[in-house]
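**Student:** Structure, please.
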Amino acid sequence: MGKTPMDQENEYLELSGTVDSVIFKNEENGYTVLRLNDENGERVTVVGTFPYAAPGETMIISGSWMNHSVHGKQFKAEFAQRLLPHSAQAIYEYLASGSVRGIGPATASLIVDRFGEKTLDVLENDPAQLAQIKGISSQKALQMSRSFRRQTGVRRLMEFVCSFGLRPILAMQLYKHYGDEALELLRQNPYLLAASHIGGSFAEADHLAREMGLDGNSSNRINAAVLFELRHNTGNGHCFIPREKLAAATAELIGVAIEDADAGIGELIEDGQLRFETVAGCNACYLPELYEAETHAAEKLAAMSRGRFNERVDIEKLIETLERRQGLRYAELQKRTLRLALENQIVVITGGPGTGKTTSIRAILALFDQLGIKTLLAAPTGRAAKRMTELSGQEAQTVHRLLGAKFAEDGERVVFTKDESDRLDCNAVVLDECSMVDIQLMDALLRAMPDDARLIMVGDADQLPSVGPGNVFSAVIRSGVIPTVRLTEIFRQNDNSNIVRNAHMINHGDYPDLSENTRGFFRLRRLEAAGTAETITELCAVRLPGKMNIPPKDIQVLSPTRRGELGTVNLNKRLQEALNPRAGDKKEKPFGDVVFREGDRVMQIRNNYDLLWHNAARTEAGMGVYNGDIGQIVSIDLDGESLTVDYDGRLASYSFASLLELEHAWAMTVHKAQGSEYRAVILALSGSSPMLMTRGVLYTAVTRAKELLILVGDDAVAYRMIDNFRQSRRYAALRIRLCALCGVT
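**Tutor:** Below you'll find the predicted structure:
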């Protein structure tokens, strides 16, 4: 059965034997190097994808021999049939290797001595028998059994996924969400791979479906492609896609006729999986959840726009009293803001940096407090909420935490415990950084607010729009139906005034004097990408800490893009090497193309509502870590296969299988930095896609700096960004719906 002539390199062969030892394994992609005792009694090195490989198991491997420049002769596996060990000795070796959590050599010996060849059957199906062994409690027996069953289920799922040439990490995600049912569900619907919570691409799902025999023109394939196009485009900010464009995009994606794609759209509309409506002459196709969010948000906002309060109070006297108490005089525009906030159910406050938004919020809070109006403060990200707390003096929460966000039982959808059936306990909500709020989050907040509660929407309309679908803040302002105050006068004139002044110049399309280099705004001209990256690294590691007493923790590097020499991926690698290099006392975990190390600054890159956290004293605990939260890796447990991140005193533990949720954060994209403010910001002036090289991106980057901003790179890049006032069109109809509901043409 097994040919092993070492001289027949590249010939496709079959090799069988028993795993002797595992030399290397990568949990993310399943890549493994192992020693195999083959059927001829030879000990050979095998490389390939063998998730959860362990000594003692039998493998029948198809592949070919190759010569590695360093490690010599190796057998490269293309496919493997794997069998769990069946002899008592092989089972002992398998368990003693640590393949099952909680079982080491001593425990393995006790179990195998008792159950022999039946050990694995007992472990999987009758763990109560394990508790008969001295030293194994009932609880420990159950934990061992769960670990073995999970490993067996994941292995079978991984073997299925890998047999089609797909990434093993997809199997891990599938098992995480669907458990033992994952394999059967995947067989029934291979397009499950492309679901957002699994993370596969449509191409991967389509490859699996075609390999499993699904016809290229089948309605299942076409309908899956239509839904994928819609979901994919929510990431580009669209609430809907015009039917004609959707049919054309689907046809191009999977190579079918446009007529067939349009027929699929019709089927989905009939089934209720798509919502269709003609909006302002556009044949709009929505995912049902986005249609419901947009239409309900429009109805609620329109109703609130008509809400008025006629408290029997002397507003002017209240403002005068507040001015005396706070020892300041409000500008006329700020006074108008206070009057509107007291008289209307909903008010929008917008303005650039230094125009008094924070002062207005403080004043509104003081007036509401004086009138007994219970007010909640919220922002879309954890960092924005923390900054709001610091500036206002009152506790602010993320909108997700305020609403009690969690995953639904199916693991696919986000649900909120606060909604129409259990409203927020408040009379008013102040929502900051509104430009970051997408239509679904806005709708969730509106559903949870009492019908008579006030809403103060605050933000900078010239910053980048939300990452999610819609352009809520801009649509509300442009509708003209919500009372809106635009703050334009610059009040913040201190040592940082060049940051504020130049930000406003950029926003107006004017070129700041980049050679001025004074009062917090500096430019270091570098014409080559390599020199720019080297300068940025030196600034973070040497110059700013040494000459300006700004520690690395207070410095944030920003880039418009993730890719290229000046993208965040490469900059993070360089900054890790400079700021947190490898050391004997620091544990580290390789994961894909990166290495996570104790002391690293990391960022959560997707909302995880189920992730548990606690403080160091374990006197406080909670659930949920959110997209954009920044923390530091404080410990790595290689045996327990987990690492712990400290998010400002909240300690959260990640299994190695869930490290896809983290990335390094010494450098981040401008989009990720929105809503935050840093003591010092270094911006890499990097050429990139025209969609990223815009005035809005540069303006948003500059306004992240509190004390110091340093532009590093080519001045011409900055000028091109200022000239590029490109605002990509988003298919959304909130403004149109608001105007229609309020009778505005």
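**Student:** For residue 220, see how far away the residue nearest to residue 198 when sequence neighbours are not counted is.
**Tutor:** If the residues on either side of it in the chain are set aside, residue 198 comes closest to residue 173, at 4.7 Å by CB to CB, 6 or more residues apart in numbering. (Each C-beta comes from the backbone N, C-alpha and C, glycine too.) Going from residue 173 to residue 220 by CB to CB, to the nearest Å gives 22 Å.
**Student:** who has more neighbours, those two?
**Tutor:** Counting neighbours by other CB atoms under 10 Å for residue 173 and for residue 220 shows that residue 173 has the greater number, 21 against 14.
**Student:** give the contact list for that one.
**Tutor:** 197, 198, 199, 660 (CB atoms under 8 Å, 6 or more residues apart in numbering).
**Student:** do residue 224 as well
**Tutor:** If you count contacts by CB under 8 Å, 6+ apart, residue 224 has them with 191, 194, 202, 205, 206, 209.
**Student:** per-residue confidence at it?
**Tutor:** The model reports residue 224 with a pLDDT of 89.
**Student:** From residue 482, how far off is it?
**Tutor:** Plainly put, residue 224 is 39 Å away from residue 482 if you go by CB to CB.
**Student:** So for the contacts of residue 224, which is the shakiest by pLDDT?
**Tutor:** Ranked by pLDDT, the contacts of residue 224 bottom out at residue 194, which has 83.
**Student:** wait, isn't it in contact with residue 208?
**Tutor:** No. In this structure residue 194 lies outside contact range of residue 208 using CB atoms under 8 Å: 9.7 Å.
**Student:** returning to that earlier point: looking at the contacts of residue 173, which has the most residues close by?
**Tutor:** Each of the contacts of residue 173 was scored for neighbours by other CB under 10 Å, and residue 198 scores highest at 23 neighbours.
**Student:** Which member of the contacts of residue 173 is positioned nearest residue 318?
**Tutor:** The shortest approach to residue 318 among these belongs to residue 197, at 49.3 Å (CB to CB).
**Student:** could I get the helix or strand where residue 230 lies in CSV with only the CA atoms?
**Tutor:** Assessed by DSSP states H and E, residue 230 sits inside helix 219-234. Extracted in CSV, the C-alpha atoms of helix 219-234 (Å, rounded to 0.1, in the frame of the first residue of the first chain):
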residue,chain,number,x,y,z
SER,A,219,-31.2,28.8,-7.8
ASN,A,220,-29.4,28.0,-4.5
ARG,A,221,-26.2,29.2,-6.0
ILE,A,222,-27.6,32.3,-7.6
ASN,A,223,-29.6,33.3,-4.6
ALA,A,224,-26.6,32.8,-2.3
ALA,A,225,-24.6,35.1,-4.6
VAL,A,226,-27.3,37.8,-4.6
LEU,A,227,-27.4,37.8,-0.8
PHE,A,228,-23.7,37.8,-0.6
GLU,A,229,-23.5,40.9,-2.8
LEU,A,230,-26.0,42.7,-0.6
ARG,A,231,-24.2,41.8,2.6
HIS,A,232,-20.8,42.6,1.1
ASN,A,233,-22.0,46.0,0.1
THR,A,234,-23.2,46.9,3.6
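**Student:** May I see the buried residues of that helix?
**Tutor:** Residues of helix 219-234 classed as buried: 221-230, 232-234 (neighbour count, 16 or more other CB atoms under 10 Å).
**Student:** Centre-most residue in the chain?
**Tutor:** Ranked by distance to the mean C-alpha position of the chain (CA atoms, centre = their mean), the top residue is residue 606 at 2.2 Å.
**Student:** which residues does that one contact?
**Tutor:** 627, 661.
**Student:** before we move on, could you check phi and psi at it?
**Tutor:** Phi and psi for residue 606, reported as degrees, to the nearest 10, are phi -150, psi 150.
**Student:** low-scoring pLDDT stretches of this structure, where are they?
**Tutor:** When residues are selected by pLDDT under 70, those of the chain lie in 1-11, 27-30, 69, 311, 409-412, 491-496.
**Student:** longest single helix anywhere in it?
**Tutor:** Using DSSP state H, we find that the single longest helix of the chain is helix 138-162.
**Student:** counting contacts, what elements does it pack onto?
**Tutor:** Here helix 138-162 touches strand 72-83, helix 119-125, helix 168-178, helix 182-188, going by 3 or more CB pairs under 8 Å, 6 or more residues apart in numbering; DSSP states H and E.
**Student:** list the buried ones in that helix?
**Tutor:** Those would be 140-141, 143-145, 147-162, for helix 138-162 by 16+ other CB under 10 Å.
**Student:** so it versus strand 72-83, what angle?
**Tutor:** Angle, helix 138-162 to strand 72-83, by axes from the mean of the first three to the mean of the last three CA atoms, to 10 degrees: 110 degrees.
**Student:** Report the angle between helix 138-162 and helix 168-178.
**Tutor:** Note on geometry: by the same axes, to 10 degrees, helix 138-162 and helix 168-178 are set 130 degrees apart in direction.
**Student:** just how off-centre is helix 138-162 within its chain?
**Tutor:** Here helix 138-162 is found 28 Å from its chain centre; the criterion is CA atoms, centre = their mean, to the nearest Å.
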